[in-house]
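J.: The following comprises the amino acid sequence and a computationally predicted model.
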Amino acid sequence: SSSIKFRNLTINNTAGVTLQKNITTSNLAGNLLVQSGTLYNGGFTITGNGSRTITIRNNAGIDVSGNTTAFSGFGTKVIETNSTVNYSGDNQNIAANNYGNLTISGSGIKTLQGNTSANELILIESGYLDLNANTLTINSSSPSAISRSSGGIISENTSVTSKIQWNVGTAVGSYLFPFV
């Protein structure tokens, strides 16, 4: 069987690209750049080298399906302000990162694995976001920075340490927290 190995991998396709196998340190020696479009993991893992970088540019994104975490192992994660990471699988762990836009879709519960922030928007299309005794920070003054179609946010299961910090500055408006 033949095996393709990449020094660096750049996704630059506005129609999107879907993985057909895991990305690991065995087949990706360098950096991963999502320049445009969406990288659909297809349920496969994306694991990088600790000395390498994953970059998601503005207006690009990663869609994480299956029971996988978005991306692990990369020493540096550059997630630009207008990029999107969508957790679209079943029950999933959400890596502690500073996201641009964070979308929750699919079914089940998405569980924060550490303090997490979003610079623009948190969109809950379906499923539930469990804060898991962590802090979720929203760095947008827009009243629509948290939006939901169905599902919602689970704040407490066993502790009282979960919190949402919404940095609104001097903005005025009605701010909705979709707790369940």
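T.: Noted; the coordinates are in hand.

J.: which strand residues sit across from the spatially closest residue to residue 18 that is not a sequence neighbour in the sheet?
T.: Leaving out its chain neighbours, the residue that sits closest to residue 18 by C-beta to C-beta, 6 or more residues apart in numbering is residue 40, at 4.2 Å. All C-beta atoms are positioned from the backbone trio N, CA, C, and that covers glycine. Beta bridges link residue 40 to residue 18, residue 63, judged by DSSP bridges.

J.: Quick check: residue 40 touching residue 15?
T.: No - between residue 40 and residue 15 there is no contact under C-beta atoms under 8 Å: 10.7 Å.

J.: So between the two, which is more surrounded?
T.: residue 40 (19 against 7; other C-beta atoms under 10 Å).

J.: Let me know whether residue 148 touches residue 121 as I believe.
T.: No - with contact defined as C-beta under 8 Å, residue 148 and residue 121 do not form a contacting pair (11.3 Å).

J.: Could you pull up the residues touching the spatially closest residue to residue 134 that is not a sequence neighbour?
T.: Spatial nearest neighbour of residue 134, excluding adjacent residues (C-beta to C-beta, 6+ apart): residue 112 at 4.4 Å. Taking C-beta atoms under 8 Å, 6 or more residues apart in numbering, we find residue 112 in contact with 94, 96, 129, 130, 131, 132, 134, 136.

J.: try 7 Å this time
T.: Applying C-beta atoms under 7 Å, 6 or more residues apart in numbering to residue 112 gives the contacts 94, 96, 130, 131, 132, 134, 136.

J.: From those residues, pick the one nearest residue 168.
T.: Comparing those against residue 168 with C-beta to C-beta places residue 136 closest, at 14.4 Å.

J.: Tell me which helix or strand that closest one sits in.
T.: Element membership of residue 136, judged by DSSP states H and E, is strand 135-138.

J.: Mind giving me the packing neighbours of the helix or strand following that strand?
T.: Using DSSP H and E, the next helix or strand after strand 135-138 towards the C-terminus is strand 146-148. On a contact count with 3 or more C-beta pairs under 7 Å, 6 or more residues apart in numbering; DSSP states H and E, strand 146-148 meets strand 116-124.

J.: which ones are touching residue 47?
T.: So residue 47 contacts 23, 24, 25, 72, 73 (C-beta under 7 Å, 6+ apart).

J.: Could you tell me which of those residues count as buried?
T.: Among these, those classed as buried by 16 or more other C-beta atoms under 10 Å are 23, 73.

J.: Make JSON lines out of the contacts of residue 47 and add secondary structure, distance to residue 178 and pLDDT.
T.: Converted to JSON lines, these look like this (DSSP: H, G, I helix; E, B strand; the rest coil; distance: C-beta to C-beta, whole Å; pLDDT from 0 to 100):
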{"residue": "23", "secondary structure": "strand", "distance to residue 178": "33", "pLDDT": "94"}
{"residue": "24", "secondary structure": "coil", "distance to residue 178": "36", "pLDDT": "93"}
{"residue": "25", "secondary structure": "coil", "distance to residue 178": "38", "pLDDT": "94"}
{"residue": "72", "secondary structure": "strand", "distance to residue 178": "28", "pLDDT": "90"}
{"residue": "73", "secondary structure": "coil", "distance to residue 178": "32", "pLDDT": "93"}
